[in-house]
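Participant: my questions concern the predicted model and sequence given below.
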Amino acid sequence: MGGVTVGGTAEREDLLAAGVVKAVQGTGAHAGSIFLRSRDRRSIVLAATCGVPPSLLGGWRLIPVSSPIPVAEAYRSGRTVHLADADATVRRFPQLAMALPLAFGSCSVPVGTSEEMFGALAIVWSAAPGSAGLSKAQRRHLRLTANRLGASLAELRARTGDPVACEPETVPVENPAPAASAAVRVGLFDWDLRAGTLTGDSEFCAILGLDPVGFDGSADTLASRLHPGDSAAFRALARAAATEGRVGAHRLRVRGDRLGGAAEHGEHGGDLYRTIELRGRVPEVADDRAGTHLVGAVVDAPSGNAAVAAIERLRDGLFSLAPDGRVTYANRSLEQLLGVRQEQLLGQCLWDVLPWLSDPDVEYRHRSVMLSQTPTSFLACRPPDQWLAFALHPDPGGVTGRAVSVGQEPPAVPSARVCSASTRSIGSRPRTAAS
């Protein structure tokens, strides 16, 4: 970044990250991006994202200022560009609608001060035809967020000399989509192995179903919350910690609420239990506490273990994709349908691993569901003659996919069909240079 200090660059990235996240959260959008001016002022460059990985934006990472693109117009004009749905986009920006014929709305606002523009901020959301778009309050929040970001960037430049500009090779700050709720809870504890007492934080008590005020710190009280069959294992953990100095990941069943969706029926009085994971170690201290304390954490992933077990029983192929298309989970049935092992899929894109899914339509469909947040489906032929139906269901955090076999005869749905790489694609999307 030229003469910019490391501290100034890091501070600017923090401002961008906070700004784009606040814009997305405050408007209910599913994704947002911030573009900053280039040093020569001829382009705006992608500087930060939230809810959409930069890889999905492709050629939109560097946009000439003169482009007929909403975010570029917001930067040029200093005005808000609000497009409620795809129809509004077609009317005002037909070139953009041809390149991205997707059902989303967008709003772009300038980022700067009354003296100069630093860039622009854009958000997108899923929008059915005829949608009203953002409310006045949401647009006000977006403009206020952009104005505050502009003021902060101006102050940063005055204080550190940061030019508030990006080069084309700039790596954007990437923020995951805001989580609707915490998927995993973690509680911390300190266990005095000699005295048999424990202290834990509020999350530890919540996971174990203990009253943080009334908990007496007794290991026996904690053990009473466990499945009776795990009590011996729990005591063995304490002994192993004292002798070996650590405890690897160990699963325990803890008593759950009778109405808890993540719990399983037990064999003791109709109680329900859910599985948690415990990890710990004996800290290395140079005093009389050495070898007598176990510090660690309990991890509670609600419904996780039961959900995975249920998915693995299905004959349908199920998989999960990260926002950029990489496979993060695949069940055994998908391995059999695709003819590839799970370890070959994880961390990779399906179209990179399987030649018969390398048709550009497959990658485009993933891109379209992430940008529009609209489910889609298509057909593909696994050589030599096995047809599979794929369905993609997105949310801002990624895509859940389903694959099922539909037989050896080509289904009569040409508009949603993708052939193997050795034959011509007959997908339905328009072919444009930008796509």
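Facilitator: Everything's here; your move.

Participant: rest of the way, CA atoms for contacts and neighbours
Facilitator: Will do.

Participant: pLDDT weak spots in the stretch 251-400 of the chain?
Facilitator: 257-271, 284-291, 301-306 (pLDDT under 70).

Participant: what about the helices in it?
Facilitator: For the stretch 251-400 of the chain, the helices defined by DSSP state H, counting those that start in this stretch occupy 304-313, 332-338, 342-345, 350-353, 360-372.

Participant: which of the ones you listed is buried the deepest?
Facilitator: With neighbours taken as mean count of other C-alpha atoms under 10 Å, the helices of the stretch 251-400 of the chain reach their highest mean count in helix 360-372, at a mean of 21.

Participant: which other helices and strands contact it?
Facilitator: strand 117-126, strand 386-395 (3 or more C-alpha pairs under 8 Å, 6 or more residues apart in numbering; DSSP states H and E).

Participant: what about Glu169, how many residues nearby?
Facilitator: 11 (other C-alpha atoms under 10 Å).

Participant: let me redo that: Glu409
Facilitator: Other residues close to Glu409 by other C-alpha under 10 Å number 10.

Participant: is it in contact with Pro384, as I believe?
Facilitator: No: using C-alpha atoms under 8 Å, Glu409 is not in contact with Pro384; the gap is 11.1 Å.

Participant: report the separation between the residue nearest to Glu363 when sequence neighbours are not counted and Leu357.
Facilitator: Setting aside the residues directly before and after it, Glu363 is nearest to Trp351 in space (C-alpha to C-alpha, 6 or more residues apart in numbering), at 6.9 Å. Per C-alpha to C-alpha, to the nearest Å, Trp351 is found 5 Å from Leu357.

Participant: with Arg313 instead?
Facilitator: Applying C-alpha to C-alpha, the value for Arg313 to Leu357 is 25 Å.

Participant: try Ser126
Facilitator: From Ser126 across to Leu357, the span is 27 Å (C-alpha to C-alpha).

Participant: please apply the same query to Asp300.
Facilitator: According to C-alpha to C-alpha, Asp300 stands 37 Å off from Leu357.

Participant: ok, now Pro70?
Facilitator: From Pro70 across to Leu357, the span is 33 Å (C-alpha to C-alpha).

Participant: the strands in the stretch 151-300 of the chain, which residues?
Facilitator: For the stretch 151-300 of the chain, applying DSSP state E, counting those that start in this stretch gives strands covering 173-175, 185-192, 197-200, 246-256, 264-265, 272-281, 293-300.

Participant: could those go into TSV alongside distance to Gly59 and mean neighbour count?
Facilitator: Shown next, in TSV, are these (distance: least, C-alpha to C-alpha, whole Å; neighbours: other C-alpha atoms under 10 Å):
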stretch	distance to Gly59	mean neighbour count
strand 173-175	17	19
strand 185-192	39	19
strand 197-200	50	19
strand 246-256	44	19
strand 264-265	49	16
strand 272-281	44	22
strand 293-300	41	22
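
Participant: to Arg79, which of the ones you listed lies closest?
Facilitator: Among the strands of the stretch 151-300 of the chain, the nearest to Arg79 by C-alpha to C-alpha is strand 173-175 (24.6 Å).

Participant: and the closest one, what other elements does it pack with?
Facilitator: Contacts defined by 3+ C-alpha pairs under 8 Å, 6+ apart place strand 173-175 against helix 6-27, strand 43-50.

Participant: buried deepest among these, which one?
Facilitator: Of these, strand 43-50 is the most buried (mean count of other C-alpha under 10 Å), at a mean of 28.

Participant: for that strand, which strands pair with it and how are they oriented?
Facilitator: Within its sheet, and counting by DSSP bridges, strand 43-50 is paired with strand 31-37 (antiparallel), strand 62-64 (antiparallel), strand 173-175 (parallel).

Participant: ranking the ones you listed by burial, who's on top?
Facilitator: Highest mean neighbour count of these: strand 31-37, a mean of 28 (counted as mean count of other C-alpha under 10 Å).

Participant: tell me the average confidence for the lengthiest helix in the chain?
Facilitator: In the chain, assigned by DSSP state H, the helix with the most residues is helix 136-160. For helix 136-160, mean pLDDT is 96.

Participant: could you give the angle of that helix to strand 117-126?
Facilitator: Here the directions of helix 136-160 and strand 117-126 differ by 150 degrees (axes from the mean of the first three to the mean of the last three C-alpha atoms, to 10 degrees).

Participant: show me what helix 136-160 is in contact with.
Facilitator: 4-5, 8, 12, 15-16, 19, 22-23, 26-27, 80, 109-113, 117-118, 120-121, 162-164 (C-alpha atoms under 8 Å, 6 or more residues apart in numbering).
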